[in-house]
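Q: Pasted the sequence and its predicted model underneath.
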Amino acid sequence: MMNKQMKPESLMMSHAYDAHEHQGAVKCPVYQTSTFAFNSCEEGKAFFELAYGLRDKREGEEMGMIYSRLNHPNMDILEKRLALWDEAEAGAFFSSGMAAISTTILSFVKPGEVLLFSSPVYGGTDHFIHHVLPQFNIGVVSFVKGEKEDVIIERVEKNYPGRRPSMVYVETPGNPTNSIIDIEMVARIARYFSSEEKKCVFAVDNTFLGPVFQHPLQFGADLVVYSATKFIGGHSDVVAGAITGSANLVGQVKVMRTFFGSQLDPNSSWLLQRSLETIKIRMEAQAKSALVVANFLKDHPMVDKVHFLGMLDADSEMQQIFNKQCLSAGSMIAFDIAGGEKEAFMFLDNLKLFKLAVSLGSTESLAEHPATMTHVDVSAEDREKLGISPSLVRLSIGLEDPQDLIEQIANALEVVKRANSSAIC
């Protein structure tokens, strides 16, 4: 039996897999099969009872393989390995980040109920909350960084008197401005709205800091949500989503996943097993480079403001929250360029080495314009309130040499500077 006190980066190489049970293959084979044979009818019956949530596991009982829409060996190993990073009882993987988000929310928030959520969130999440959930008669209430718990509670009770939120959904750091929400404070709000009859489930989207640099379960979250496309995948070659949490709550989501058909396929699961083996060294290297890039940006005359977790005001409440719940500033940087959309576009169109593309957390550096790309569907009023301005640029720092990245940023900023100087003349 492997020592469970080992670090996750050590266990990633072998946890939940015995090479000797697979003809000595050091890496798990891809199980490209749609269905699995049972040893007996009794075994098939037991597996289906567990899959449909008809009963709890008996002591020592393990869920077996049935059909690849429910489970398969590649996804099973992957889920157990991700759970180690968050010190969670269980994990679940999905065909995309939005599949993870939508399946999780709809597992706990039913028609006529209320969702409380932080803002900003990823643009796809924002659209799902504001345009899809209302079609199910689900009420939504938002809050932003810095708001106190009594203010948030009062807003919910004023907007939906007599109704308690079934879920609180928080994205921290928030996309794209790196806004921080106090996880412990929100856990208290979730407990306030819970009752003996119904728990208010608290989920945290931890995509920006990944399973390496922040562990929301330690601060009172019930579930952690990831776009696994990002740092968990890390190579821009897989689209996936994931959650971790208690076996009970993750099990409820897995039942919903079964009927939504939003599970992750074997090949993508295999690729993510590969990626989890290097996630820590990748994220640490990216974070180290991001600090170098952010320090360059903050002193540049063409940059009005840098949104980076390593540059919070020293005595601010945000810095205190960061110190408590974050292990690193990560590798996501947003900044406001002097000017507006025209200058931001000119910068991005002249930025070399970086790929002009959405997504984040990959080995290559990426750059995008949130207001017209990832967050274009966020209302203009909300974009202004949340600082998603026409001048905002978002960078995801990869594994290139940071000085090479800085040189390309400097060159692109110089193009903007010269263009503005020519226009003035």
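A: The structure has been received and is ready for your questions. Residues are numbered from 1 along each chain as shown.

Q: what sits against the nearest residue to residue 339 once chain neighbours are set aside?
A: Distances taken as Cβ to Cβ, 6 or more residues apart in numbering put residue 391 closest to residue 339, at 5.9 Å, once the chain neighbours are dropped. Bear in mind the C-beta positions are built from the backbone N, C-alpha and C, glycine included. Neighbour list for residue 391: 304, 336, 337, 338, 339, 340, 341, 343, 344 [criterion: Cβ atoms under 8 Å, 6 or more residues apart in numbering].

Q: Which parts of stretch 150-165 count as buried, going by neighbours?
A: By neighbour count on 16 or more other Cβ atoms under 10 Å, the buried set for stretch 150-165 is 152, 153, 156, 160, 164, 165.

Q: Now name the helix or strand holding the third one.
A: The one in question is residue 156. Following DSSP states H and E, one finds residue 156 within helix 149-159.

Q: and that helix, average pLDDT?
A: Mean pLDDT, helix 149-159: 98.

Q: Downstream of it, the next helix or strand is which one?
A: strand 165-171.

Q: bridging residues for residue 227?
A: Assessed by DSSP bridges, residue 227 has beta-bridge partners residue 241.

Q: Now do residue 2, the pLDDT please.
A: 49.

Q: next one: residue 57
A: If you check residue 57, the pLDDT there is 88.

Q: again, but for residue 245
A: So, for residue 245, pLDDT stands at 98.

Q: Show me where this structure dips below the pLDDT cut-off.
A: Scanning the chain with the threshold set as pLDDT under 70 gives 1-4, 423-425.

Q: mind listing the strands for it?
A: 90-94, 114-118, 139-143, 165-171, 201-205, 223-227, 241-245, 303-307, 332-337, 355-356, 366-368, 392-396 (DSSP state E).

Q: would CSV of the ones you listed with distance to residue 284 be doable?
A: Formatted as CSV, the strands of the chain follow (distance: least, Cβ to Cβ, whole Å):
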stretch, distance to residue 284
strand 90-94, 22
strand 114-118, 27
strand 139-143, 32
strand 165-171, 23
strand 201-205, 22
strand 223-227, 18
strand 241-245, 20
strand 303-307, 21
strand 332-337, 14
strand 355-356, 22
strand 366-368, 19
strand 392-396, 15
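
Q: Any idea which of these gets closest to residue 286?
A: strand 392-396 (8.3 Å; Cβ to Cβ).

Q: Could you export the buried residues of stretch 150-165 to JSON lines, including columns for distance to residue 123?
A: Output for the buried residues of stretch 150-165, formatted as JSON lines (distance: Cβ to Cβ, whole Å):
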{"residue": "152", "distance to residue 123": "23"}
{"residue": "153", "distance to residue 123": "27"}
{"residue": "156", "distance to residue 123": "24"}
{"residue": "160", "distance to residue 123": "25"}
{"residue": "164", "distance to residue 123": "28"}
{"residue": "165", "distance to residue 123": "22"}
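
Q: Quick one: end-to-end distance for stretch 205-218.
A: 14 Å (Cα to Cα, to the nearest Å).

Q: Now do the buried residues in that stretch.
A: In terms of neighbour count (16+ other Cβ under 10 Å), stretch 205-218 has its buried residues at 205-217.

Q: Next, the angle from the helix holding residue 156 to strand 114-118.
A: Computed by axes from the mean of the first three to the mean of the last three Cα atoms, to 10 degrees, the angle separating helix 149-159 from strand 114-118 equals 140 degrees.

Q: how far out from the middle of the chain is helix 149-159?
A: Offset of helix 149-159 from its chain centre (Cα atoms, centre = their mean, to the nearest Å): 26 Å.

Q: what's the answer for stretch 29-40, then?
A: Chain-centre distance of stretch 29-40: 31 Å, with Cα atoms, centre = their mean.

Q: Identify the residues contacting it?
A: Taking Cβ under 8 Å, 6+ apart as the rule, stretch 29-40 contacts 22, 44, 47, 64-68, 72-74, 266-267, 270.

Q: Domain boundaries for the protein, per the record?
A: 8-33+68-276, 280-424 (automatic domain parsing).
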